[in-house]
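Asks: I would like the atomic coordinates for the input below:
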Amino acid sequence: LSLLKSGTNVMLLLIKRINLTLPTITRIRITSYFSTDMSEKIIKAKNVISGRPTWQQTMLRISDPAKSIPFYTDLMGMTLIDKFNFPQYKFSLYFLTTLPKGESYTLIPGTQESHDYLWSMEGTTLELTYNHGTEKEDFKGYHPGNDDRDGFGHVAFNCDDVYAASENLAKAGVTFKKKPDEGRMKGLAFAYDPDGYWVGIVKRSKPGIIPNEFNFSQTMLRIKDPKKTIPFYESLGMKVIRSKNYGTFTNYFLVSSNAPSLGEYDLGSDDAKVKCSMLFHPVLELTHNHGTEEDDIFKH
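Replies: Residues are numbered from 1 along each chain as shown. Model prediction:
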């Protein structure tokens, strides 16, 4: 699946939990990964690969960890749970996640204990990849997506009050693609992270239930043909929990196999929207612009 104009790709990496050869991912620009426990052999669904696959990470390439890590930890409430440094290959990896409010993390990132936690945890992480030297002024920056035919869209965080959260972020010096009172979609904001990636600020349907100010809630990719892409992610254990047709495009929202069961409901209903917004686990949003599946030469 082509992701960006620069010729980089969306890539899938199946990782055996705990054991990983990390240098194999150095060529990845922006991607989502799935980890798999190879000790589990029996899967009920015929189309799901063995090993209980779960959504393990979304990766963004960053230019300066001294700016990006505080943005995601201090402002967006994430926790740095692990890091890897490869000076011989001139890159470093940082893994962050949203922990439930009040849950302390006592492991030291970069230790074997934190490595073990990372590759066995049930949650989803945001991986920040730093190529050494990109923090220098002569670096021209990374392409953040959202140009014509780009596949990558954004990451997002849920909160109780988008207006208050956006005001606090603005006071902290964060700039915005869209503030909640701008544009046609009122109450939705898109902030810029230090590298210019869009960070959605999305309102929870029911305030006061999730105590975290923010929780990592979404990664959005544009897709060409849902009849091909959705079965692909379903084979990795994911499930569609909501879909919404807006006339010219449709959004599909999928969760990992370890997300809590939401019961039975209409995928296009308001109930589906409420259930989706109240998840602590992130969703994978797949955006299909109608007609792209009929164009043989089209690709993101």
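
Asks: pLDDT below threshold where in the chain?
Replies: 1-46 (pLDDT under 70).

Asks: what residue is smack in the middle of it?
Replies: Centrality entry for the chain: nearest residue to the mean C-alpha point is residue 219, 3.4 Å, by CA atoms, centre = their mean.

Asks: who does the strand or helix carrying that one touch, helix- and strand-wise?
Replies: Using DSSP states H and E, residue 219 sits within strand 215-223. Judged by 3 or more CB pairs under 8 Å, 6 or more residues apart in numbering; DSSP states H and E, strand 215-223 is in contact with strand 152-159, strand 198-203, strand 283-289. In short, each C-beta sits where N, CA and C put it, glycine included.

Asks: for those, which one ends up most surrounded?
Replies: Per-stretch averages of neighbours, counted by mean count of other CB atoms under 10 Å, single out strand 152-159 among those, with a mean of 24.

Asks: Now do the helices in the stretch 51-200 of the chain.
Replies: 65-70, 112-118, 162-171 (DSSP state H, counting those that start in this stretch).

Asks: Out of the ones you listed, which gets nearest to residue 282?
Replies: helix 112-118 (16.3 Å; CB to CB).

Asks: what comes into contact with the closest one?
Replies: 18, 81-84, 95, 107-108, 125 (CB atoms under 8 Å, 6 or more residues apart in numbering).

Asks: can you rerun that using 7 Å?
Replies: 18, 81-82, 95, 107-108 (CB atoms under 7 Å, 6 or more residues apart in numbering).

Asks: and if you look at stretch 269-277?
Replies: By CB under 7 Å, 6+ apart, stretch 269-277 touches 158, 202, 204-205, 241-242, 253, 262, 265-266, 283.

Asks: do that again at 10 Å, thanks
Replies: 158, 202-206, 210, 217-218, 240-244, 253, 255, 260, 262-263, 265-267, 283, 285 (CB atoms under 10 Å, 6 or more residues apart in numbering).

Asks: Do you have the strands of the stretch 1-150 of the chain handy? List them.
Replies: 14-16, 31-36, 54-62, 79-86, 91-97, 125-131 (DSSP state E, counting those that start in this stretch).
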